[in-house]
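Peer 1: sharing a model prediction with you, sequence too.
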Amino acid sequence: MFYKTFLLKVKVFCKEMAKIRVGVIGCGAIGSEICRAIDSDEVNGRELGLGMELKLLIDKHPEGIERLCESLGKKPDIIKSDSSGLDEILAEVDLVIECASQAAVREFVIPALKKGKEVMILSVGALLCEPGLFEEIESISKEKGCKVYIPSGAVAGIDGLKSGAIGGIHSVKLTTRKPPSGFEGNEYVKERGINLFSIKKKKTLFMGHALEAVKHFPENVNVAASLSIAGIGPEATRVKIVADPSATENVHEIEVRGEFGKLFVRVENVPSIANPKTSYLAAPSAIATLKRISYPIRVGT
């Protein structure tokens, strides 16, 4: 009863507020799920109460845009396949969600922040791979007084990591294990002559720090970047990436040691049906962040 009353009050609160106008960059597997959630204000029959409107959609593949729009109740007012006229377009939105590529972070997020727009970044690896980009984003957001949101993605435990970092963290380790097909097309794997489909038992593809991991596996370990930002930085965050033919899920194990003690989190993610390189939880994490933006009461660190 309490929860139903609370949800009703939240819905009334959201309706009374002007809808947040959203622009989405990229309509791949994750971007499409985000767009459909904003458009229908529900996921799997569960109401969200976002109080948002999908106003802008940009993707370099027109056929992808068309396919997505067919699944929406209302087609966005502005649809484009490039960043031309971006300054004028940004005047029509309040929040920009990047879910396209690392390159899209500079191309779209920086202009959006300069216009005083809030942003959500899903290609978190860009903040590590391009020197100075994180600092530039931080500086502009402070100057303009706008927020930058980075969802937890396919992992849990970010709250504990952030809390532990206040008192001091000694080490952070991430082990990612996926089916070999989850690494198909990866250049790092190709360069080393690894035949993914000949792997018969667990094979370590990479061991190193998070900065190297996000450069070599941009499609797979955005979580390493998120952990680095929340914790002790990319060069101190250790990453191990494993191809496991017996795996049916994308598994992330996080081990943190600090003044608080020890934190261990294991998440077994079902791979996304649309894109097995990413985990199912990645899109719901972004949608949950949208709920956090909309709701007046926020739970968690």
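Peer 2: Great, that's in hand.
Peer 1: which residue sits closest to residue 137, ignoring its sequence neighbours?
Peer 2: Excluding the flanking residues, the one nearest residue 137 by C-beta to C-beta, 6 or more residues apart in numbering is residue 148, at 6.0 Å. Heads up, the C-betas are built off the backbone N, CA and C, glycines and all.
Peer 1: quick one: that neighbour and residue 140 touch, right?
Peer 2: No: judged on C-beta atoms under 8 Å, residue 148 makes no contact with residue 140 at a distance of 9.1 Å.
Peer 1: identify the contacts common to the two.
Peer 2: Counting by C-beta atoms under 8 Å, 6 or more residues apart in numbering, the contacts common to residue 148 and residue 140 are residue 113.
Peer 1: ok, back up a step: give me the neighbour count for the residue nearest to residue 137.
Peer 2: By other C-beta atoms under 10 Å, 18 other residues sit near residue 148.
Peer 1: show me what contacts it?
Peer 2: Going by C-beta under 8 Å, 6+ apart, residue 148 touches 109, 113, 118-121, 137-138, 141.
Peer 1: same check, this time on residue 71
Peer 2: Taking C-beta under 8 Å, 6+ apart, we find residue 71 in contact with 32, 36.
Peer 1: ok, it to residue 264 distance?
Peer 2: Relative to residue 264, residue 71 is positioned 39 Å away (criterion: C-beta to C-beta, to the nearest Å).
Peer 1: likewise residue 97?
Peer 2: 31 Å.
Peer 1: mind checking how far the closest residue to residue 197 other than its chain neighbours is from residue 282?
Peer 2: The shortest distance from residue 197 to any non-neighbouring residue, by C-beta to C-beta, 6+ apart, is to residue 180 (6.3 Å). As judged by C-beta to C-beta, residue 180 and residue 282 stand 20 Å apart.
Peer 1: ok, the two, which is more surrounded?
Peer 2: For residue 180 versus residue 282, the count of surrounding residues by other C-beta under 10 Å is larger for residue 282: 24 against 19.
Peer 1: just to check, residue 93 is in contact with residue 55?
Peer 2: Yes: with contact defined as C-beta under 8 Å, residue 93 reaches residue 55; the gap is 5.3 Å.
Peer 1: out of these two, which sits in the more crowded spot?
Peer 2: Here residue 93 and residue 55 are compared on neighbour count by other C-beta under 10 Å; more neighbours surround residue 93, at 23 against 20.
Peer 1: show me what the closest residue to the more buried one other than its chain neighbours bridges to in the sheet.
Peer 2: Excluding the flanking residues, the one nearest residue 93 by C-beta to C-beta, 6+ apart is residue 23, at 4.0 Å. Beta-bridge pairing for residue 23 (DSSP bridges): residue 56, residue 96.
Peer 1: which residues does stretch 268-275 contact?
Peer 2: 28-30, 32, 154, 178-179, 182, 249-252, 277-283.
Peer 1: endpoints of it, how far apart?
Peer 2: Length of stretch 268-275, first residue to last, C-alpha to C-alpha, to the nearest Å: 16 Å.
Peer 1: pLDDT of that stretch, averaged?
Peer 2: The average pLDDT for stretch 268-275 rounds to 82.
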